[in-house]
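*Asks:* Just the structure for this:
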Amino acid sequence: MKIVLFITTLLIVAPSFATPNNVFNPGFSSFKVTVQGVDNYYEVLALSAMPKETLHIKSSTDTSISVVAGSLKKKTNNRWEWTAPTKSGLYPVVITPSTGKGMTLNVFVLRPASDIKKGKLDGYHIGPYPSKPFKNLATYHAPRGYLEVTRANKHTLVSPHFTLEQFLCKLPAVNGKKFIVLTTTLILKLERILQAVNNDGFSAESLYIMSGYRTPFYNRSIGSKRHSRHIYGDAVDIYIDVAPEDGVIDDLNKDGKINRKDAAVLYDLIERLSQHESWGMGGLGEYEATSTHGPFVHVDSRGYRARWGKPSATY
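*Replies:* Sure thing, here's the model as predicted:
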């Protein structure tokens with residue numbers, strides 16, 4: 001069976017240096033786990049699977065694995081197979097080494113897209129995806145399933161510094177539930193950005209996500225582009241909001257003003273990260289303030305390089 005992990009070739013860079021003044025903790029585990037060909041070094045990471053699909057897990061060291069449901073089979077050489085249960089929900093897979101920090105894979109078993117009736121999933125308005133993928137790219141196919149978010153699981157960590165709640169669509173919940181798409185690729189990129197932010201001297205425990213997943217219905221209601229990466233769960237609009245925490249980007253260039261030049265600082269930082277082979281192809285954009293929001297940066301994992309906005313060099 002093919003597991004729906006929503007990942008490309010992005011790899012995490014293993015810890016090889018200390019963060020400034022040891023203030024920021026990247027949240028690395030003491031070993032590496034490879035899931036479906038993707039290396040993970042973090043203590044916690046969220047993955048998505050369709051009902052009854054199988055995760056192939058390989059550890060870099062001797063480990064034990066515990067699960068709360070599904071079928072677990074041990075293979076040879078620290079290899080495991082975990083088959084997801086039929087019912088949607090959160091099913092943590094806890095991987096424990098003989099020494100050092102362990103790892104939790106927060107696996108969300110998705111609600112199949114086939115459960116959508118008249119554009120709604122349990123009353124929550126999803127809306128139609130484009131009938132043909134943009135440029136016939138695989139990253140523009142409609143999602144096969146949706147992650148069900150409730151009051152009980154919305155605070156779940158999807159990585160050491162991000163929670164499920166940060167990525168929710170702004171559409172109101174229906175009967176206490178929302179549904180989203182969230183890619184592992186995006187989560188890994190955000191952790192790398194956050195680590196780079198702290199290494200550059202900006203102390204932040206997370207990034208402010210102004211916009212994460214959007215259902216096609218909501219995306220259309222705000223006038224966004226039909227093929228916006230936000231509807232595919234691998235795009236965010238972000239900024240740093242720490243000092244002070246006031247709902248707008250911080251004065252990152254220290255000129256005493258809050259404007260697009262501050263977004264340019266974050267843009268340039270991410271552009272430097274994108275030069276690494278392990279980053280993976282995607283979009284990067286920079287936006288100025290409007291009457292409804294301050295400056296921000298857009299990041300996505302569309303599978304090909306795209307850039308817009310003006311880099312700081314033009315200011």
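
*Asks:* hey, let's count contacts and neighbours off CA atoms from now on
*Replies:* OK.

*Asks:* Break down this structure into its helices, ranges please.
*Replies:* 184-199, 216-221, 260-273 (DSSP state H).

*Asks:* okay if I get those as TSV plus mean neighbour count?
*Replies:* Below are those laid out as TSV (neighbours: other Cα atoms under 10 Å):
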stretch	mean neighbour count
helix 184-199	21
helix 216-221	17
helix 260-273	21
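
*Asks:* of those, which approaches His230 most closely?
*Replies:* Relative to His230, the nearest member of the helices of the chain by Cα to Cα is helix 216-221, separated by 8.0 Å.

*Asks:* List of residues touching the closest one?
*Replies:* His125, Ile126, Gly127, Pro128, Tyr129, Cys169, Lys170, Leu171, Lys225, Arg226, Ser228, Ile231 (Cα atoms under 8 Å, 6 or more residues apart in numbering).

*Asks:* Select from those residues every entry located in strands.
*Replies:* His125 (DSSP state E).

*Asks:* low-scoring pLDDT stretches of the stretch 201-315 of the chain, where are they?
*Replies:* Scanning the stretch 201-315 of the chain for pLDDT under 70 picks out 310-315.

*Asks:* rerun that using 90 as the cut-off
*Replies:* 243, 277-278, 280, 310-315 (pLDDT under 90).

*Asks:* could I get the contacts of helix 216-221 as CSV with distance to Ile209 and neighbour count?
*Replies:* CSV is the format used below for these (distance: Cα to Cα, whole Å; neighbours: other Cα atoms under 10 Å):
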residue, distance to Ile209, neighbour count
His125, 22, 22
Ile126, 21, 26
Gly127, 23, 18
Pro128, 25, 14
Tyr129, 23, 19
Cys169, 11, 21
Lys170, 12, 15
Leu171, 15, 16
Lys225, 19, 12
Arg226, 21, 13
Ser228, 16, 18
Ile231, 15, 27
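
*Asks:* Save the contacts of helix 216-221 as JSON lines, and put in distance to Val107 too.
*Replies:* Putting the contacts of helix 216-221 into JSON lines (distance: Cα to Cα, whole Å) gives the following:
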{"residue": "His125", "distance to Val107": "24"}
{"residue": "Ile126", "distance to Val107": "22"}
{"residue": "Gly127", "distance to Val107": "25"}
{"residue": "Pro128", "distance to Val107": "26"}
{"residue": "Tyr129", "distance to Val107": "25"}
{"residue": "Cys169", "distance to Val107": "20"}
{"residue": "Lys170", "distance to Val107": "23"}
{"residue": "Leu171", "distance to Val107": "24"}
{"residue": "Lys225", "distance to Val107": "30"}
{"residue": "Arg226", "distance to Val107": "29"}
{"residue": "Ser228", "distance to Val107": "26"}
{"residue": "Ile231", "distance to Val107": "21"}
